[in-house]
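In: Predicted structure and sequence below. I'll ask about it afterward.
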Amino acid sequence: MRPWTRVLGIDPGSRVTGYGILDTDGQQSKYIASGVIKTLHADKGAARLEVIFAETNDLIENYQPAELAIERVFVSRNADSALKLGQARAAAICATFGTSMPVYEYAAREVKQAVVGKGNAEKEQVQHMVRVLLSLTEDLSMDASDALGVALCHAHTRTTGLRLAEAMS
């Protein structure tokens, strides 16, 4: 039996950043907390990034995760949106500075594949499977379920990596 590892999953957004925290031992994952960081009350730009940084820092201090899993930014048709997402993502990652916490990045397609079994799954399918996999009965916002999906993806990926390392040694 492997020891439990606490994972903080982040779904970055410039207005709403989702977070999800779970413990995993490689066989199962346990829900700890989830929610959103809202920057709507902050002025645009740097003030929003400061909110994301500060609240992610608070999550790290309060829950003491060992690893951070964050969704990679994809470039769509709107370069400005991709830039804002990248900045929000960077603000969350910067909150890990000063800790020894490793940061792992996953594409949205990887998260959907790990959680639903299809890389082109809809957000509602991810939300449903997150609730099923973590045995949750309460409602989750899309942003929080996406963040938990990132954390679950990491839990599955890290377990596979550990098994491969054990098999090769």
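Out: Alright, I've got the coordinates. Treat the numbers as computed from the prediction; the structure is a model and nothing was measured. Numbers count the residues shown, from 1 in each chain.
In: Compute the first-to-last residue distance for stretch 89-104.
Out: Its first and final residues considered, stretch 89-104 spans 12 Å by C-alpha to C-alpha, to the nearest Å.
In: got it, and stretch 102-118?
Out: Taking C-alpha to C-alpha, the first and last residues of stretch 102-118 lie 27 Å apart.
In: buried set for it?
Out: 104, 106, 108, 110-116 (16 or more other C-beta atoms under 10 Å). Every residue, glycine included, has its C-beta placed from N, CA and C.
In: would JSON lines of the residues you listed with pLDDT be doable?
Out: Rendered in JSON lines, the data for these read as follows (pLDDT from 0 to 100):
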{"residue": "Tyr104", "pLDDT": "96"}
{"residue": "Tyr106", "pLDDT": "96"}
{"residue": "Ala108", "pLDDT": "92"}
{"residue": "Glu110", "pLDDT": "94"}
{"residue": "Val111", "pLDDT": "95"}
{"residue": "Lys112", "pLDDT": "94"}
{"residue": "Gln113", "pLDDT": "93"}
{"residue": "Ala114", "pLDDT": "92"}
{"residue": "Val115", "pLDDT": "94"}
{"residue": "Val116", "pLDDT": "93"}
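In: Of these, which belong to helices?
Out: Taking DSSP state H as the definition of helices, the buried residues of stretch 102-118 contribute 108, 110-115.
In: so which of those residues comes closest to Gln127?
Out: Of all those, Val115 has the smallest distance to Gln127: 9.5 Å, by C-beta to C-beta.
In: Might one say that the closest one is in contact with Met129?
Out: Yes - using C-beta atoms under 8 Å, Val115 makes contact with Met129 at a distance of 4.9 Å.
In: Tell me how many other residues surround Ala151.
Out: 37 (other C-beta atoms under 10 Å).
In: Let me see the contact set for it.
Out: With contacts defined as C-beta atoms under 8 Å, 6 or more residues apart in numbering, Ala151 is in contact with 7-9, 20-22, 29, 69.
In: Widest-spaced pair of these?
Out: Comparing every pair within the contacts of Ala151 by C-beta to C-beta identifies Leu8 and Ser29 as the most remote, at 12.9 Å.
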